[in-house]
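> Got a sequence here, can you build the structure:
(3 chains)
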Amino acid sequence: MKKKLDLPHILTVIIIIAIYAAVFIAEQHMPPTSMLFTVLKKGATYALVAVSMNLLNGFTGIFSLGQAGFMLIGAYIFSIFTIPVEHRGIVYQYYDGGVIQFTLPVLIAMILAGLVAALFAFLIGLPVLRLKSDYLAIATLGFAEIVRTIFQWDKLGPVTNGSNMLRLFPTFNDFNIKNADGTVAVYLSTIIPMLIAGVCIAIILLLINSTYGRALRAIKDDEIAAEAMGIHLASHKQMAFCVSSFFAGVGGAMLAMYQTTVQAKSFTTAMTYEILLIVVIGGLGSVTGSILSSFLFVAASEWWLRFLDQKQVINGFEVPLLRNGFRLVVFSFIIMIVVLFFRQGIMGTKELPDLFRKKKTAEGGAK
Amino acid sequence: MWNTVFPYLLSGISVGGQYALIAIGYTMVYGILRLINFAHGDVFMVAGIVMVYMAASGLPLWLCIVLDLVATAIIGFAIERIAYKPLRTAPRMSIMISAIGVSYTLQNLVLYITGGLNQIYPKIPWISDSITIGSATTKVVTVVTPILTILLVFALVMLINHTKVGMAMRAVSKDFETSQLMGININSVISTTFVIGSFLAGVGSTLYFTNYTTVIQTSGAMPGLKAFVAAVFGGIGSVPGAVVGAFIIGIAENLIKGLDIILFKMGLISKPMGLAIFSDAFTFALLIIILAVKPTGLFGEKSIDKV
Amino acid sequence: MKKLFALLAVVLCISMLASTAVLADNVVKIGVFEPASGDSGAGGKQEMLGMQYANYETPTVEIGGETYTVELVYADNGSSTDKAPSAAQQLVSSGVSVVLGSYGSGVSIAGSQYFADANIPAIGASCTNPQVTAGNDHYFRICFLDPFQGTVLANYAYKELGARTAYSLAELGNDYDQGLATYFKQAFEALGGTVIADSFPTGTSDFTSYLTNAQMYSAEVFFCPVSIAYSTQIVQQASSQGVTFPILGGDTLDSNVVANAAKGTDVNVTITTFYQEGANPDFDNGFKAWLNSNNEYLTNNGGNDMIAAVSVMGYDTYYTALEALKAAGTTDSAAVKAALPGVTLTGVSGSIAFDEIGDAIRTSAFVKKVDNASGDWNFVTEQTVD
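Have a look, this model is predicted:
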């Protein structure tokens, strides 16, 4: 894949660098408790997971609903191997400290999280990937539910802590560089997760733009034609499934670090649906779209719409309807409007560099 | 041995009957639109909430039940018109995502209206009473559910096989475009399907919540998912298949809940293994196995894709 | 392109606004970290009622010679450990001096790290799992702990009820349930009994098979320290299944919602809790009058004016926070955190003081039983463990 360094690409690179620089500077000067950083951390995590899901659903046309299951595997593998040994007694309080008595470095644990998720994907892919669209969706969804139960089984407690919470492992805040007296010298807790997500997404982009990626798109457009062209369906699908799950696993590890605790209970199908909605709002088949919509989704649900949950009094007039839960109502109506009236999502199938090109065809705009 | 297994079987049959009533809605919609209506479980839950509020308004109970069923059918109709009809020409995935969106919206609306508190379902006389059968004591509704389910399914199969609407439904599910060309009003057939499906979900919700008494916004999620699995298991698109699938899943999950004690009494294990938690997982494992062996489910027709 | 820049501009503006929110003079913010929805929503709301009543009673506090108005900032943690982080973050970013809550140990643990990172102390009202306060210096609590409560319950089941086989049922992934079930099992087996432990997945509504399990094992007591949402269903299904064993639970079952479920049945429901209505008539009367003054309060209290122990705990937590603010002499959260270990006061639920871990020093629990005719809680005994 020889890419010409044309203007749109250069502009894209400049924008990305500018965003990272802005985040880094903001982090040094704004109070660390600002909601902005929460949104950026969670947004980066969701962006990675959404892009990994888009690789399957948007680029390969495999309708998988197992994302939460792979994230669960990633989150568990990461936290199991990174809880400091001295804390294991507290965390595994009902299992005498658990059986694993060593820790791995954070980065290695993250990669391991991805690898184990990919391994599970490989195994489940053998029977499941032969199924067609809806059947595949429901089988992967079922797989996620099975994984969730297995990780909660009491008999596996010495490893997984049963259904109880895993905690006290390194979190994003541990990326901050601290002085000897414990005060923070350089804030890195937001920029590092964004960098990790960025690198992972870049790898996915490389894959999408390779011969492999083109083969995947061919499968999406027409399986039978693709097969006739000599594309080996099973192995290509399997590859896409494993790669997607690898990054879902890494995303799960990041989610663990964001949440600071991990519990199998919370990796429900609702989580998968949420990520699917993000992908759709961003545009199936657009990496840029998935990233943008992740940040928008997280910001809207965690931050901008929060005021809807509280009573607001303006000039002695109490705004009606505002009480706990209204935020989610407004939010779901926004989603329905996007789904019904902006079917292409924010970006359609366009990417960031495409925005800087002149529109050659009459193919609808960004919205 | 029989005395040990019987109570679990009884619970299983009751639960299976409830799943069956929800599963029919899934399977009919899928048969016609090829759409997994993810919002169906939530329609079931909304039926329960509507009933709670109606009963609180002081209307006589029989009127509440009738109005509740009518309201549920209207909700099903409205959802189809608002959220699915505009997407008829869109790719399959868009409409499925719209269904997920509807599910999300219904849950959040109910969360907002109820304030997140559990709502107590009104007590319906007679079917809430206790009876004793053999080694098990249970509510009358447990026994009523499977009987009512089978009667309703029988009526439904009659409707599909022997009426004009039923013929139209069968035609549409065989070939969407051709039946349109043959002069069938697709929209009214689809609406009828949604009305019937929602009505049955309404009946299911009355039986289900009489048994379990509390309704919250997430009450529909698990039964919905299970019923859907039942529909796939039995061969999605086939009404009898959905019913058989629902009973198998209902019985299997209750037997798993009692598996420890059953194995223990059979002398196969010496102490409890905590296997009860696999009751849900087993349902899905069963699903994956059946899909791997027979991808169209137990009673599904093999469809051949034309290139 | 334009759209993109417009978007970025909007994001920046909003973030500026949010970060420079101006504080009005002499207001101290106290965070209320409680579930208002989800399985523990009913209990969370009752705990909040106690805090709201306390705030209604004492809306101001003297800090460093100046009078401050107390503003309660609410964040709904949705009874779920994955919603808890953002709720905690919301409180942290709104600049609270101290956090109260939460009902439910799991969500307290899930939010804990966020308060720790922002150096904000938290005071739990009814989160009884040891993990909440263990290994940190910012989480405090005013209630007893599960190892204690589990022992009390096991003693009661073994000695008073004469049970030798117990069936225990807990929700998967609920730290409160699993913890209390474990401590109950340890204590009950130490006495010489047998415990069969089962767990059910979140969202279960059919408990008939679990009740059948207990019958098949010939259990003499059914121990279910679960959320209100599940315990009401268990009680009702137990009644229609005609079970003969008593149902035993922890402090979560102390709610008029559960008592109502048992009303008119012949199921014996016995629990341990923090407070018995009638112990402090002044508080009882004041609280009831306040509840009856507003329909919303009554709804949140489960429809009548019966006093839940968690409301009392919420009330005491609020006053503990005020004492800490007074002692700190400033609204700075770090100073409040430093002042908290030395705070002592006499609350409605008894005298409150903290040990070195941050736990309340408490040695007694109330045992209550449902009166099946009236649907009230009847006092049985006050249990202490050495």
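
> distance of the residue in the stretch 51-200 of chain A positioned nearest to chain B from chain C?
Closest contact between the stretch 51-200 of chain A and chain B, by Cβ to the nearest Cβ, is at residue A:142 (3.2 Å). Bear in mind the C-beta positions are built from the backbone N, C-alpha and C, glycine included. Distance from residue A:142 to chain C, counting by Cβ to the nearest Cβ, to the nearest Å: 14 Å.

> who touches that residue in this structure?
Neighbour list for residue A:142: B:229, B:283-285, B:287-288 [criterion: Cβ atoms under 8 Å, 6 or more residues apart in numbering or on different chains].

> so can I have CSV of the residues you listed showing neighbour count, secondary structure and distance to residue B:98?
Compiled in CSV, those are given as follows (neighbours: other Cβ atoms under 10 Å in any protein chain shown; DSSP: H, G, I helix; E, B strand; the rest coil; distance: Cβ to Cβ, whole Å):
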residue, neighbour count, secondary structure, distance to residue B:98
B:229, 26, helix, 21
B:283, 24, helix, 26
B:284, 25, helix, 25
B:285, 17, helix, 30
B:287, 26, helix, 24
B:288, 20, helix, 27
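
> Regarding chain C, what is its longest strand?
In chain C, taking DSSP state E as the definition, the longest strand is strand C:66-76.

> Nearest residue to residue C:210 in space, ignoring adjacent ones along the chain?
Here the nearest residue to residue C:210 in space, its sequence neighbours aside, is residue C:169; by Cβ to Cβ, 6 or more residues apart in numbering or on different chains that works out to 5.5 Å.

> Confirm that the one you found lies within a strand, as I assumed.
Yes: the assignment for residue C:169, made by DSSP: H, G, I helix; E, B strand; the rest coil, places it in a strand.

> That one: what's it in contact with?
Here residue C:169 is in contact with C:181, C:197-200, C:207, C:210, C:214, C:222-224, C:226, C:234 (Cβ under 8 Å, 6+ apart).

> Check what pLDDT it gets.
Looking at residue C:169, its pLDDT reads 95.

> Could I get the full set of helices for chain B?
Along chain B, the stretches classed as helices by DSSP state H are B:2-33, B:40-56, B:61-79, B:92-114, B:140-162, B:164-174, B:176-181, B:186-212, B:221-234, B:239-257, B:259-265, B:279-293.

> Would you format the ones you listed as TSV with mean pLDDT and distance to residue B:124 included?
Listed next are the helices of chain B as TSV, based on pLDDT from 0 to 100; distance: least, Cβ to Cβ, whole Å:
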stretch	mean pLDDT	distance to residue B:124
helix B:2-33	87	15
helix B:40-56	94	9
helix B:61-79	94	6
helix B:92-114	89	20
helix B:140-162	89	8
helix B:164-174	87	31
helix B:176-181	84	40
helix B:186-212	90	5
helix B:221-234	88	19
helix B:239-257	91	21
helix B:259-265	85	32
helix B:279-293	87	27
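
> Between these, which one is closest to residue C:302.
Among the helices of chain B, helix B:92-114 comes nearest to residue C:302, with 13.4 Å by Cβ to Cβ.

> If you count contacts, what does that closest one end up packed against?
Applying 3 or more Cβ pairs under 8 Å, 6 or more residues apart in numbering or on different chains; DSSP states H and E, we find helix B:92-114 packed against helix A:269-282, helix A:326-341, helix B:40-56.

> Which residue does chain C have closest to chain B?
When scored by Cβ to the nearest Cβ, chain C has residue C:37 as its residue closest to chain B, at 2.6 Å.

> Surely that residue and residue C:79 touch.
Yes: in this structure, residue C:37 is within contact of residue C:79 by Cβ atoms under 8 Å, at 6.9 Å.

> Tell me how far residue B:279 lies from residue B:229.
According to Cβ to Cβ, to the nearest Å, residue B:279 and residue B:229 sit 13 Å apart.

> let me redo that: residue C:56
Separation of residue C:56 from residue B:229 (Cβ to Cβ): 50 Å.

> count of residues packed around residue B:224?
Residues lying near residue B:224 (other Cβ atoms under 10 Å in any protein chain shown) number 26.

> JSON lines for the helices and strands packed on helix B:92-114, including distance to residue B:241?
Formatted as JSON lines, these follow (distance: least, Cβ to Cβ, whole Å):
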{"stretch": "helix A:269-282", "distance to residue B:241": "23"}
{"stretch": "helix A:326-341", "distance to residue B:241": "30"}
{"stretch": "helix B:40-56", "distance to residue B:241": "17"}
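
> of the ones you listed, which approaches chain C most closely?
In terms of Cβ to the nearest Cβ, the element of the helices and strands packed on helix B:92-114 nearest to chain C is helix A:269-282, at 7.7 Å.

> Can I get the helix or strand following that closest one as CSV, trimmed to CA atoms?
Where DSSP states H and E defines the elements, the next helix or strand beyond helix A:269-282 is helix A:287-299. Below are the C-alpha coordinates for helix A:287-299, written out as CSV (Å, rounded to 0.1, in the frame of the first residue of the first chain):
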residue,chain,number,x,y,z
VAL,A,287,-13.1,4.6,11.4
THR,A,288,-13.2,8.4,11.8
GLY,A,289,-16.9,8.2,12.4
SER,A,290,-16.6,5.6,15.1
ILE,A,291,-13.9,7.6,16.9
LEU,A,292,-15.9,10.9,16.7
SER,A,293,-19.1,9.3,17.8
SER,A,294,-17.4,7.5,20.7
PHE,A,295,-16.3,10.8,22.2
LEU,A,296,-19.6,12.5,21.4
PHE,A,297,-21.6,9.6,22.9
VAL,A,298,-19.6,9.6,26.1
ALA,A,299,-19.5,13.3,26.4
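
> Briefly note if helix A:287-299 comes near chain B.
No: in terms of Cβ under 8 Å from any Cβ of the partner chain, no part of helix A:287-299 sits within range of chain B; the closest distance is 12.2 Å.

> what's that helix in contact with?
The contact list for helix A:287-299 (Cβ under 8 Å, 6+ apart) reads A:39-40, A:42-44, A:46-47, A:50-51, A:53-54, A:58, A:201, A:204-205, A:208, A:274, A:277-279, A:281-283, A:345-348, A:350-352, C:11.

> Against chain C, how distant is the closest residue to residue A:112 other than its chain neighbours?
Excluding the flanking residues, the one nearest residue A:112 by Cβ to Cβ, 6+ apart is residue A:77, at 5.8 Å. Separation of residue A:77 from chain C (Cβ to the nearest Cβ) stands at 18 Å.

> on that earlier part again, and which of the contacts of residue A:142 is nearest residue B:36?
residue B:229 (11.2 Å).

> And the closest one, how far from chain C?
Distance of residue B:229 to chain C, computed by Cβ to the nearest Cβ: 15 Å.

> Contact partners for residue A:139?
Neighbours of residue A:139 in contact, by Cβ under 8 Å, 6+ apart: A:127-128, A:131, B:287-288, B:291.

> which one among those residues gets closest to chain C?
After measuring those against chain C - Cβ to the nearest Cβ - the closest member comes out as residue B:287, at 16.7 Å.
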